[in-house]
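Asker: can't give you the sequence, but here's the structure:
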């Protein structure tokens with residue numbers, strides 16, 4: 001009956017606690033707090049939890065128990081985070097480190113909606129959320145927010161990126177800083193909304209008309225989503241360009257212990273707005289040069305609308321260098337295209353060099369990116385413990401690639417790229433470095449298992 005079914009989830013949880021030899025006390029304390037105002041439900045849930053535990057102990061439904069040893073963690077204060085929650089906290093932190101409001105404009109879509117849910121209550125941190133009527137409006141809203149001087153972010157999944165692509169392309173031409181999060185899911189079309197895939201990498205690289213380069217980053221764990229969010233904002237402001245963060249459904253909904261950082265240890269995100277220009281009388285003042293680039297970063301000035309003397313024109317039409325005036329001059333167009341590409345390419349000079357886990361040269365290197373990190377790294381550790389010579393390189397920066405990546409790939413006789421798509425990263429690596437890169441792919445809507453990766457390692461090493 002209905003009353004009996006109400007607590008069946010706690011019965012199942014009790015069985016799981018017995019199977020993994022976990023204590024009940026923490027959960028019982030939570031039930032007491034959660035259902036304090038409803039004693040019958042509270043007592044029923046506790047009784048069901050304990051009954052499930054004892055059923056596991058007295059029945060023969062399970063042949064084995066699993067004892068999970070405590071993880072070895074550095075000293076610190078921890079909380080559990082999912083990837084989406086960590087992204088939200090990272091964006092808030094980035095905004096605080098810039099001293100700017102955070103504007104998050106989005107349209108709800110699985111599996112990215114939790115970012116909006118996490119940010120919406122944070123108005124006290126100068127967070128402004130906007131649930132738009134569609135993906136196109138959401139993209140337009142963050143373009144306006146970035147033009148107005150806010151830290152602008154949007155989040156979506158693959159189908160939403162398809163709709164946002166025209167606006168993303170406009171943002172490249174406008175050269176405004178913003179972050180676009182794609183929490184990837186199975187495709188194409190509506191596909192597998194609640195399943196995982198890494199099939200939007202080429203879309204992020206090339207899914208717009210014209211030469212439209214963007215920096216692309218990918219977190220490797222739920223807690224790394226926090227760091228990637230801050231890094232994406234830093235690179236967006238440095239380049240005055242959109243940055244894409246490629247998360248995925250596995251990271252979005254997975255959780256792990258995250259050591260809460262000391263806010264003072266996170267460096268500020270530096271930026272500058274050009275100051276107002278005061279007229280000097282009859283002669284006025286020199287016109288504002290909206291596309292006069294910083295010689296180091298190639299970024300144009302981030303001028304806030306309404307600032308005296310900084311009036312300028314923006315839009316999607318091709319522009320002249322330096323002045324930003326509309327221009328159809330062929331040489332002007334080519335220079336602007338190459339300048340936008342160059343400022344993304346120059347990021348390779350400041351992002352960290354790629355690290356390798358295991359032998360620094362030899363027979364086999366496994367390459368991975370995104371949420372495949374856990375399975376691939378665990379498989380490599382397992383293989384190494386059995387004496388197999390295998391190394392692992394996990395990429396967080398996908399455009400541009402780390403400056404030492406070519407050298408790393410060339411030091412191994414075999415390079416195998418494991419990814420949850422048809423071979424998109426391996427395609428990019430072959431095209432960029434002209435190396436014989438092998439693909440190991442899976443498109444089941446489910447993550448790799450450790451056993452699958454170990455089997456591929458054994459096959460490669462014969």
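Answerer: Nice, I can see it. Values in this document were obtained by computation on a predicted structure and should not be read as measured data.
Asker: hmm, who's touching whichever helix in the chain runs longest?
Answerer: As assigned by DSSP state H, the longest helix anywhere in the chain is helix 39-58. With Cβ atoms under 8 Å, 6 or more residues apart in numbering as the contact definition, helix 39-58 has outside contacts at 3, 6-8, 10-19, 24, 27-28, 31-32, 34-36, 61-62. To be clear about C-beta, it is placed using only N, CA and C from the backbone, and glycine gets the same treatment.
Asker: Give me the buried entries from these.
Answerer: 7, 10-11, 13-15, 17-18, 24, 27, 31, 35 (16 or more other Cβ atoms under 10 Å).
Asker: Cross those against helices and list the overlap.
Answerer: Mapping the buried ones among the contacts of helix 39-58 onto helices (DSSP H) picks out 10-11, 13-15, 17-18, 27, 31.
Asker: Quick check: of the residues you listed, which lies closest to residue 86?
Answerer: Looking at these and their distance to residue 86, the nearest is residue 27, at 23.8 Å (Cβ to Cβ).
Asker: is it true that the closest one touches residue 13?
Answerer: Yes. Residue 27 is within contact range of residue 13, at 7.2 Å (criterion: Cβ atoms under 8 Å).
Asker: after the helix or strand that contains residue 230 comes which helix or strand?
Answerer: Assigned by DSSP states H and E, residue 230 belongs to helix 224-239. Sequence-wise, the next helix or strand downstream of helix 224-239 (DSSP H and E) is strand 242-248.
Asker: That next one pairs with which strands, and in what direction?
Answerer: The strands that strand 242-248 pairs with in its sheet are strand 178-184 (parallel), strand 215-217 (parallel) (by DSSP bridges).
Asker: who's in contact with that strand?
Answerer: 83-84, 87, 168, 171-172, 176-185, 196-198, 200-201, 204, 214-219, 225, 228-229, 232-233, 235-236, 370-371, 398, 420.
Asker: do the same with stretch 374-392
Answerer: 221, 356-360, 362-368, 394, 412, 418, 447-454, 457-458, 460-461.
Asker: could you give the angle of the helix holding residue 230 to strand 242-248?
Answerer: If you take axes from the mean of the first three to the mean of the last three Cα atoms, to 10 degrees, helix 224-239 sits at 170 degrees to strand 242-248.
Asker: and the spatially closest residue to residue 201 that is not a sequence neighbour, how many neighbours does it have?
Answerer: In space, and not counting its chain neighbours, residue 201 is closest to residue 424: 4.3 Å by Cβ to Cβ, 6 or more residues apart in numbering. By other Cβ atoms under 10 Å, the residues close to residue 424 number 23.
Asker: Residue 424 contacts residue 198, doesn't it?
Answerer: Yes. Between residue 424 and residue 198 there is a contact under Cβ under 8 Å: 7.3 Å.
Asker: what does the host helix or strand of residue 398 contact?
Answerer: Using DSSP H and E, the secondary-structure element containing residue 398 is strand 397-399. Strand 397-399 has contacts (Cβ under 8 Å, 6+ apart) with 201, 204-205, 213-218, 246, 344, 347, 351-352, 369, 425, 428.
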